[in-house]
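**Student:** Provided below are the primary sequence and the corresponding predicted coordinates.
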Amino acid sequence: AQLVESGGGLVLPGSSLRLSCTASGFSLDDYAIGWWRRAPGTEREGVGCITNEGDTYYIGSMEGRFTISRDNDKNTAYLQMNSLSLEDTATYYCAVAKGRYSGPPQLWHYTVWGQGTRVTVSA
């Protein structure tokens, strides 16, 4: 079972970027998918998640700017990021939690993590 993030890069402030999280070796159908990020020198923080039913939950300032979606046919989840600022510079990770959830899964429910993709917002 493996998750691979892609789509990171160097962008200007105010730009948009879409990250992908593709699963191999298992089907995403049975999993909730979460996104996290870690900026240099800081702790990992949650971005948001999407349940099996497609319900989405976001953390703090990400709500309204970021959108999480999933395409089970492609076994891929996405993180659409708009209006990026310098503070969004981080390595972004996806992870999966097996089962059906009526709300955001707890951290310990996430059992498979990707290696991360780097996003740098700079003028």
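**Tutor:** Great, that's in hand.

**Student:** can you pull out the strands in the protein?
**Tutor:** Along the chain, counting by DSSP state E, strands occupy 2-6, 9-11, 17-24, 31-38, 45-50, 56-58, 66-71, 76-81, 90-98, 110-113, 117-121.

**Student:** how much space separates the spatially most central residue of the chain from E87?
**Tutor:** With distances taken as CA atoms, centre = their mean, W35 lies nearest the centre of the chain, 2.7 Å away. Computed as CB to CB, to the nearest Å, the W35 to E87 distance reads 16 Å. Bear in mind the C-beta positions are built from the backbone N, C-alpha and C, glycine included.

**Student:** tell me which residues of stretch 58-72 come out buried.
**Tutor:** 58-59, 62, 66-68, 70 (16 or more other CB atoms under 10 Å).

**Student:** show me which of those has the smallest pLDDT value.
**Tutor:** Among the buried residues of stretch 58-72, M62 carries the lowest pLDDT, at 87.

**Student:** how about that one: what's its closest non-neighbour residue?
**Tutor:** V47 (5.3 Å; CB to CB, 6 or more residues apart in numbering).

**Student:** run through the bridge partners of the nearest residue to S6 once chain neighbours are set aside.
**Tutor:** Excluding its sequence neighbours, the residue lying closest to S6 (CB to CB, 6+ apart) is S20, at 5.0 Å. Beta bridges link S20 to S6, Y78 when assigned by DSSP bridges.

**Student:** how about the contacts made by S20?
**Tutor:** With contacts defined as CB atoms under 8 Å, 6 or more residues apart in numbering, the neighbours of S20 are 5-7, 76-78.

**Student:** and the gap between it and T76?
**Tutor:** 6 Å.

**Student:** kindly report the same for G9.
**Tutor:** Taking CB to CB, one finds G9 at 18 Å from T76.

**Student:** alright, that wraps it up for me.
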